[in-house]
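Undergrad: the following block contains a protein sequence and its predicted model.
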Amino acid sequence: MSTEKLLNGLRIIDLSMGWAGPLAARNLADMGAQVIKVESCTHFDWWRSWEATPEWIADNGAEKALPYLSVNRNKLDITLDLESSVGRQLLLDLVARADVVIENYSGSVLPKLKLDYPHLKAVNKELVMVSMPAFGSTGPWANYRAYGSTVEHSSGLPHLTGSAHQPPAMQHVALGDAIGGLNGTAALLSALWHKKKTGRGQFVDLSQVECLIPLGAEGILHQAVNNSPPPRTGNDHPDFSPHGVYPCQGDDQWILIQIMSETEWSALQSLCAELSQFGDISDRLARRPALNKTLAQWTANQSSPALMAHLQDLGITAATLNNGIDLLKNQQHQARGYMQLLDRAFVGSQPHPSLPFRNGSEPSPLQNPAPTLGQHNKEVLGGILGLSDAELEKLTLEGVIGDKPKLPN
Amino acid sequence: MQQTDTTNNKPFDGLKVVDISGTVATSYACKLFADYGARVTNVEPPQGFPTRQLKPFLPKAQGEEPVSAMHGYLHCNKASMVGNHNNLATEPAITQADLIIYNPATLPSEDSLAGININTCAISWFGLTGPYAQYQGSDGVIQALTGLMKGIGEKDGPPIIPNGVQAQIVGGLCAFNGALGHLLGQLMGNLTQPFALDNSIFEANMCLTDLMAINAFNDNPLPPRMGINRFPPSYPLGIWPCKDGWLGVTALTPSQWRAFCLLLCLDDFIDVDFFNASINRLASADVLEPAIMRALESCSAEALFHKGQAMRIPLARVPTMEELFTVDQYVSRQAFSSISMNDKTFLAPSIPFRLFTTPPHFGGRVAALGEDNPIATEAKV
């Protein structure tokens, strides 16, 4: 049995939106779980757009949002107006037949809809529910709202990045979302393991901010044991030199070089005669500015990817600084088949990252692209809940289900 | 909410996991199992795992050996034994394990685990195959190659290396997911053979930046680095000083932007339709920023945070390392818990996800090297 069928037989109701929750569920979909994403025509996943307009709807913009497509592959998609009693009941009927519900609304949304854990547990005693609001489901900030950037702000990480003369510096890329998503997967799998062992479901609470805190472990532990934060030294390392990012040939081209042993230093010296003026590690730390300047002069006229290959062949820790275009051409990714192409209506063939683990030498094959809005209304509501075509037609006419986004009145 | 299980059961009770490498990534993957009840055994070489050499160290008296707080954070609630790494395949702890987690670079030879019929989970910088397989890795190397680093820092550079062991933590987390997913597949009867997972820390960290590649594929690459705390696709999205600390601001939607203007009395901008689009605000950041900074400098970040959240604006305090331990939200949730090591205690991050009925260990004790050797009474190192 290959990885893409590992979790066949599990059914997950995915009420999450944006990046973190959908990524958490996608990882299980990639492993074969049936993941049913639930949106509504007016409250569609905000990652389709947070600035929807009539023109955007007319242009099928909801089906072209690349971030949405990336984290929702291998899922089924239905629409339900959860503010209507019919839509709410249909969701409860689905939950009764599911193993898991995952959601990442801010804390007050599901209780208002009477779809929070106590209500869902009433229809499915063995349910696992993973709730992953930004600050967790308990505490004074439980109802506060956040994006991935807010999560990063709140984690303390910005105070560990950059130099003392700079403000706390974000890494961004909505760091909190992706890390929250990975932890969401861990939470889902852990609770499912327990359920398969014992038959018992439970509520699982995940704070996206707390997910990011371990990434700052080194600085946090420094504060904990020394009662002071680590100094913000930019790219300088307290114990190693040279250690930094150096310019290369071309516009905004850079190479990272981290010399972390005398063996690496000797290898680097053998390439660059100008470095012979610098000695052992204590000399190199003492004369760090001069050393960095000398090394930067040497790297400045070289191709970053070629220099990386040359340095790595000599056992030196070095890397070119890639951008998105570079990632598409990266030879390691290409050799391992990391990006897989999936055809999708409205956008054609699109690259998808593989799962970051593989059982054997090949990545787990990806099966299906992200669904269109409401694409599986009939398959899910008819196939699982047994609704007739006439009943589905009635739901469509009443606006409970549909396959086109609508702007709220 | 559910009551906690009074029998103190943990989800992974009975599961036996072995770490034979003790890198940050293998240790973190095993930590997640240990914190939820698995019997995790570190089979260490005589000199101990590499994590024992990692900073920061606990305060020590003159003449004492340094003791790594990082090792303590990564290894509480685990057993430690000293094993024969030249003959791993016959170590009882290994032959009786449900899962072995390792970094291939730490094995004495490529066939150290040959012939064992047990689930394995290899975690390496680049994976077991491909032209980078033997390359030197580091957290910085991964952050450079994934594209994360290039977006951080001053516009004219150089880009900034993020702090710490972040890439390895992400790699360990993904490996935990892969291993547990496969164990669950076995439990469900969907997988009947032992698995041999190949986890790449490079690929694990691509979850942060794969959208860069996807956008580039669609001829819409991200713009070059824009400066510290300035990023696409929106503005304001950054960190600014207030009179009592730092405020994190994200205004994405038109309503969030207008509410933010209301909050700071930025009357000149509030009714400008052009600024309703996030991309237009980003293009006008140099015009908007001085006004925002002026408005913030006399305000309290703490007060703005709560007031802004009440107005549905996702604002944040940006706590310093010192403040982090006293944030009431984090204290109320026990986001940090106490590690006991060498007769000392210190706070460290708790496991981030909480199973309510079967809660994790919060903190715990760290075993001394070889403390759990099979003939423990005589062989403590």
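TA: Here it is on my side, so go on.
Undergrad: state the pLDDT value of the closest residue to B:Asp267 other than its chain neighbours.
TA: Closest residue to B:Asp267 apart from its sequence neighbours, by Cβ to Cβ, 6 or more residues apart in numbering or on different chains: B:Cys261 at 7.4 Å. Glycine gets a C-beta too; all of them are placed from N, C-alpha and C. Note on B:Cys261: pLDDT of 97.
Undergrad: count of neighbours near B:Cys261?
TA: Neighbourhood size, B:Cys261 [other Cβ atoms under 10 Å in any protein chain shown]: 22.
Undergrad: how close does it sit to chain A?
TA: 17 Å (Cβ to the nearest Cβ, to the nearest Å).
Undergrad: OK, contacts around the nearest residue to B:Gly164 once chain neighbours are set aside?
TA: In this structure, B:Gly164 finds its nearest non-sequential neighbour in A:Glu218, 3.7 Å apart by Cβ to Cβ, 6+ apart. Going by Cβ atoms under 8 Å, 6 or more residues apart in numbering or on different chains, A:Glu218 touches A:Leu160, A:Pro230, B:Lys55, B:Pro56, B:Met70, B:Asn163, B:Gly164, B:Val165.
Undergrad: who are the packing partners of the strand or helix carrying the residue nearest to B:Asp267?
TA: If you go by DSSP states H and E, B:Cys261 is part of helix B:254-264. Packing partners of helix B:254-264 (3 or more Cβ pairs under 8 Å, 6 or more residues apart in numbering or on different chains; DSSP states H and E): helix B:267-270, helix B:285-297, helix B:301-310.
Undergrad: tell me the secondary structure at whichever residue of the stretch 51-200 of chain A sits closest to chain B.
TA: When you check the stretch 51-200 of chain A against chain B by Cβ to the nearest Cβ, the closest residue turns out to be A:His153, at 2.7 Å. On the three-state scheme (DSSP: H, G, I helix; E, B strand; the rest coil), A:His153 is labelled helix.
Undergrad: check contacts around it.
TA: Listed by Cβ under 8 Å, 6+ apart, the contact set of A:His153 reads A:Met170, B:Ile239, B:Gly248, B:Thr250, B:Ala316, B:Arg317, B:Val318.
Undergrad: pull the most distant pair out of these.
TA: The span of these, defined through Cβ to Cβ, is set by A:Met170 and B:Arg317 at 14.3 Å.
Undergrad: between those two, who's got more neighbours?
TA: Ranked by neighbour count (other Cβ under 10 Å), A:Met170 and B:Arg317 place A:Met170 first, with 25 against 21.
Undergrad: which ones are touching that one?
TA: So A:Met170 contacts A:Ser149, A:Glu152, A:His153, A:Pro158, A:Thr161, B:Ile152, B:Ile228, B:Asn229, B:Phe231, B:Gly238, B:Ile239 (Cβ under 8 Å, 6+ apart).
Undergrad: which of the contacts of A:His153 sits closest to A:Ala65?
TA: Using Cβ to Cβ, B:Thr250 comes nearest to A:Ala65 of the contacts of A:His153, at 18.8 Å.
Undergrad: surely the closest one and A:Val151 touch.
TA: No. With contacts counted by Cβ atoms under 8 Å, B:Thr250 stays clear of A:Val151, the gap being 9.7 Å.
Undergrad: mind checking which of these two has more residues around it?
TA: Comparing B:Thr250 with A:Val151 by other Cβ under 10 Å, the one with more neighbours is A:Val151, at 29 against 25.
Undergrad: neighbours of the nearest residue to that one once chain neighbours are set aside, how many?
TA: Excluding its sequence neighbours, the residue lying closest to A:Val151 (Cβ to Cβ, 6+ apart) is A:Gly176, at 2.6 Å. When neighbours are defined as other Cβ under 10 Å, A:Gly176 has 28 of them.
Undergrad: break chain A down into its structural domains.
TA: Chain A is divided into the following domains under automatic domain parsing: A:3-215+A:359-397, A:243-322.
Undergrad: what of chain B?
TA: According to automatic domain parsing, chain B comprises the domains B:16-208+B:334-379, B:237-319.
Undergrad: my guess is B:Phe260 meets B:Thr253, correct?
TA: No. Contact criterion Cβ under 8 Å: B:Phe260 and B:Thr253 do not qualify, at 10.4 Å.
Undergrad: which one of the two is surrounded by more residues?
TA: Comparing B:Phe260 with B:Thr253 by neighbour count (other Cβ under 10 Å), the higher total belongs to B:Phe260, at 24 against 18.
Undergrad: nearest residue to B:Ile228 other than its sequence neighbours?
TA: In space, and not counting its chain neighbours, B:Ile228 is closest to A:Ala169: 5.1 Å by Cβ to Cβ, 6+ apart.
Undergrad: burial count for that neighbour?
TA: By other Cβ under 10 Å, 25 other residues sit near A:Ala169.
Undergrad: and it, how far is that from B:Glu322?
TA: Using Cβ to Cβ, to the nearest Å, A:Ala169 is found at 18 Å from B:Glu322.
Undergrad: again, but for B:Thr26
TA: 31 Å.
Undergrad: who's more crowded, those two?
TA: Applying other Cβ under 10 Å to B:Thr26 and B:Glu322 shows that B:Thr26 carries more neighbours, namely 31 against 13.
Undergrad: OK, contacts around the spatially most central residue of chain A?
TA: Using Cα atoms, centre = their mean, the residue of chain A that lies closest to the mean C-alpha position is A:Ala178, 2.3 Å off. With contact set as Cβ under 8 Å, 6+ apart, A:Ala178 has these partners: A:Trp19, A:Ala20, A:Leu23, A:Gly148, B:Cys207, B:Leu208.
Undergrad: wait, the fifth one sits on A:Gly181?
TA: Yes. B:Cys207 is in contact with A:Gly181 according to Cβ under 8 Å; the separation is 7.2 Å.
Undergrad: how much space separates B:Pro221 from B:Gly151?
TA: Distance, B:Pro221 to B:Gly151, by Cβ to Cβ: 12 Å.
Undergrad: more neighbours: those two, which one.
TA: B:Gly151 (24 against 16).
Undergrad: got the contact list for the more buried one?
TA: By Cβ under 8 Å, 6+ apart, the neighbours of B:Gly151 are A:Gln171, A:His172, A:Val173, B:Pro159, B:Leu222, B:Arg225, B:Phe231.
Undergrad: residues near the last one, how many?
TA: The tally of other residues near B:Phe231 (other Cβ under 10 Å) stands at 23.
Undergrad: ditto for the third one
TA: A:Val173 has 23 neighbours, counted by other Cβ under 10 Å.
Undergrad: one more: the second one?
TA: Burial measure for A:His172: 21 neighbouring residues, criterion other Cβ under 10 Å.
Undergrad: now it: closest residue in space that isn't a chain neighbour?
TA: Nearest residue to A:His172, sequence neighbours excluded (Cβ to Cβ, 6+ apart): B:Phe231, at 4.4 Å.
Undergrad: pretty sure that neighbour belongs to a helix, no?
TA: No. Counting by three-state DSSP, B:Phe231 is not found in a helix; it is coil.
Undergrad: so for the contacts of A:Glu218, which is the shakiest by pLDDT?
TA: Lowest in pLDDT among the contacts of A:Glu218 is B:Asn163, which has 92.
Undergrad: okay, that one and chain A: tell me how far apart.
TA: Look at B:Asn163 and chain A: by Cβ to the nearest Cβ, they are 4 Å apart.
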